[in-house]
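Student: Below: sequence and its predicted model.
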Amino acid sequence: MLYYNQTWARQLGFSNPPESPEEFRRQACAAALANNADDDTDNNGTGGLLVNTAPPAVLSWMYAFDSEIVASTGSGYDFNTPETHTSLEYLRRLYDDGCAWQMLSDYAEPHFAARRALFTTGSIADLYYVAAALEDAGNPDNWTVIGFPTEERLPVIDVYGPAYAMFASSPEEQLAAWIFLQWLLAPENQSRFIEASGTLPLSTATLDYLQDYAGDRLQWAAAVNLLGNARGEPAFPSWSVVRWTLGDIGMQVFRSYFTTEYITDTLTLLDETANELHKQTP
């Protein structure tokens, strides 16, 4: 999901979060222009989207442009599509126009708190760290989380996380494991897990037990509201390896020597690599 500084956006003239790629571009470029034009030379070259090349971030941008990365046969991957091409071209042009930038440090939160980025990318687990960074910086700005903009104006997010697994064993042990999983997934118990971990619910029934929690955590509640347009990741066993190739693609897109002319060849290589890994995975 995207972290978004509402206060700064309003000062730039935007009353609502962006819902389309063009609206996102306008806001990111306005923030970059503002930082380049102020009296602080240390923030020159910042201000728009702080680039994140982690696999979930790259996949989210692909989803924003309606990419279907699973092959139409239902087995294997197909990244080399017009939609995926458009998503990478959009990101590269945003970068070339100075509306997206890369950081040298490992943490985005201090840059977000210092208004060096109107948008950063993160997961639900980053809510605490963003809030802490703003507090440490003495920054009272209002902020929220939003989905990745789409042409249909229905912002999308990528969802992923740990999965429950039950191993083959004796009938008695499997029954005990199943009963435990049922207990763990019961709404009243799942709500307790969420209160302790800050993660997202697996069922809408759980929300009935989290009304007070959501009322005290507006950004978490905003993240929950994005689940209606959430997209999951491929269920192939190979995906646990293939997903990391997206990070490599993300890094390539923002290399100094990279141009949009390289996108087709890059996606062709990605398909070859992903499907070879898929074949090698039991």
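Tutor: Received, thanks. Numbers count the residues shown, from 1 in each chain.
Student: SS state for residue 255?
Tutor: Per DSSP: H, G, I helix; E, B strand; the rest coil, the local secondary structure of residue 255 is coil.
Student: count of residues packed around it?
Tutor: Neighbourhood size, residue 255 [other CB atoms under 10 Å]: 10. The way it works is simple: take the backbone N, C-alpha and C, and place the C-beta from them, glycine included.
Student: Same question for residue 43.
Tutor: Residues contacting residue 43 under the criterion other CB under 10 Å number 17.
Student: next one: residue 213
Tutor: Neighbour tally, residue 213, other CB under 10 Å: 15.
Student: Correct me if wrong: it contacts residue 196.
Tutor: No: contact criterion CB atoms under 8 Å: residue 213 and residue 196 do not qualify, at 10.6 Å.
Student: which residues of the chain fall in helices?
Tutor: Along the chain, counting by DSSP state H, helices occupy 6-11, 21-37, 55-64, 82-96, 109-113, 127-137, 171-185, 187-197, 211-216, 218-225, 239-253, 263-280.
Student: ok, and what's touching the first one?
Tutor: Defining contact as CB atoms under 8 Å, 6 or more residues apart in numbering, one finds that helix 6-11 is touched by 17, 27, 31, 115, 118, 140-144.
Student: repeat that for 6 Å
Tutor: In this structure, residues lying in contact with helix 6-11 by CB atoms under 6 Å, 6 or more residues apart in numbering are 115, 118, 141-144.
Student: same thing with the last one?
Tutor: Contacts of helix 263-280 from elsewhere in the structure, counted by CB under 6 Å, 6+ apart, are 76-77, 79-80, 85, 88, 238, 241-242, 245, 249.
Student: residue contacts, the closest residue to residue 47 other than its chain neighbours?
Tutor: In space, and not counting its chain neighbours, residue 47 is closest to residue 35: 3.5 Å by CB to CB, 6 or more residues apart in numbering. Shown in contact with residue 35 (CB under 6 Å, 6+ apart): 43, 46-47.
Student: repeat that for 8 Å
Tutor: Going by CB under 8 Å, 6+ apart, residue 35 touches 43-47, 115-116.
Student: my read: residue 183 touches residue 193, true?
Tutor: No: counting by CB under 8 Å, residue 183 does not reach residue 193; the two are 11.3 Å apart.
Student: Tell me which of the two has more neighbours.
Tutor: Counted by other CB under 10 Å, residue 183 and residue 193 do not tie: residue 193 has more neighbours, with 14 against 11.
Student: how close does the closest residue to residue 131 other than its chain neighbours sit to residue 90?
Tutor: What sits nearest to residue 131 in space, not counting adjacent residues and going by CB to CB, 6+ apart, is residue 219, at 7.6 Å. To residue 90, residue 219 is 26 Å away according to CB to CB, to the nearest Å.
Student: what residue ranges in the stretch 51-200 of the chain are flagged as low confidence?
Tutor: The model of the stretch 51-200 of the chain has no residue with pLDDT under 70.
Student: what's the domain layout of this structure?
Tutor: Per the record, the chain has its domains at 2-158+233-280, 171-227, by automatic domain parsing.
Student: Format those domains as CSV; extra columns: distance to residue 164.
Tutor: Shown next, in CSV, are these (distance: least, CB to CB, whole Å):
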stretch, distance to residue 164
domain 2-158+233-280, 14
domain 171-227, 6
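Student: Quickly compare those domains and say which is most buried.
Tutor: Greatest average neighbour count among the domains of the chain goes to domain 2-158+233-280 (a mean of 18), per mean count of other CB atoms under 10 Å.
Student: And it, end to end?
Tutor: Domain 2-158+233-280 has an end-to-end distance of 34 Å (criterion: CA to CA, to the nearest Å).
Student: quick one: contacts for the residue lying closest to residue 161 once chain neighbours are set aside?
Tutor: Excluding its sequence neighbours, the residue lying closest to residue 161 (CB to CB, 6+ apart) is residue 199, at 7.0 Å. By CB under 8 Å, 6+ apart, the residues touching residue 199 are 124-125, 161, 193.
Student: closest to residue 227 among those residues?
Tutor: When these are compared for distance to residue 227 (CB to CB), residue 124 wins out at 10.5 Å.
Student: I'd guessed the closest one sits against residue 1; true?
Tutor: Yes: between residue 124 and residue 1 there is a contact under CB under 8 Å: 7.3 Å.
Student: Overlap in contacts, those two.
Tutor: By CB under 8 Å, 6+ apart, residue 124 and residue 1 have these common neighbours: residue 223.
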